[in-house]
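Asks: here is my input, please return the structure:
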Amino acid sequence: MRRSFIFVILVFLFSCDSNRVFEDNVEFADRTWKISEPALLEFQIADASKSYNLYLDIRNSIDYPYSRIFVNYSLQDSAGGELAKKQLAEYLFDQKTGKPNGSSGLGDIYDHQFPIASNMKFTKPGKYKAHFEQFMRKDTLQGILAVGLRVEEVVQP
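Replies: Residues are numbered from 1 along each chain as shown. Got it, this is the predicted structure:
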């Protein structure tokens, strides 16, 4: 019953988001992100004349053992050409206090959204792929529940 209620609330909130072009997450059933399980997300850009912001979404629990996370990110076009590649280093917990960053609505679970690219222009409409791979000292990261991508249209004032 509680999950159904939360799902209805999330659907309502996301349906009111007119700037969102794409948002999806890869969930990890055992609450661990293995280095052998990169997250691959495909999305469609319909209008290449517009600018877009891209964000990395991470959902973690307080079981995550570090204050920050390192993620390798790459973006490819439909032909497999690489458009962007970089390593992201983001804090999930405050360095000094250990207090979780992000927003929480489900007890010990926190959602984060980190900018990847701002005002990005795609050269043509079509399918694109975002690839996220954890780049930590351990092959299996405890406490990572999901990794995702959000693409939103930049609204000009």
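Asks: which residue is nearest the middle of the chain?
Replies: Centroid-nearest residue in the chain, with C-alpha atoms, centre = their mean: Asp57, separated by 2.4 Å.
Asks: for whichever strand or helix holds Ile58, which positions count as buried?
Replies: Ile58 belongs to strand 51-61 when elements are defined using DSSP states H and E. By neighbour count with 16 or more other C-beta atoms under 10 Å, strand 51-61 contains the buried residues Tyr52, Asn53, Leu54, Tyr55, Leu56, Asp57, Ile58, Arg59, Asn60, Ser61. For the C-beta atoms, the positions are set from N, CA and C on the backbone; glycine is no exception.
Asks: kindly report the same for stretch 102-111.
Replies: Buried residues in stretch 102-111 (16+ other C-beta under 10 Å): Gly102, Ile109, Tyr110, Asp111.
Asks: mind listing what Gly148 touches?
Replies: Counting by C-beta atoms under 8 Å, 6 or more residues apart in numbering, Gly148 touches Glu23, Asp24, Asn25, Val26, Ala39, Leu41, Leu56, Asp57, Ile58, Arg59.
Asks: make that Lys99, sorry
Replies: Neighbours of Lys99 in contact, by C-beta under 8 Å, 6+ apart: Phe93.
Asks: output the longest strand belonging to this structure.
Replies: Longest among the strand segments of the chain by residue count, using DSSP state E, is strand 109-121.
Asks: for it, packing partners?
Replies: In this structure, strand 109-121 makes packing contacts with strand 51-61, strand 82-91, strand 103-106, judged by 3 or more C-beta pairs under 8 Å, 6 or more residues apart in numbering; DSSP states H and E.
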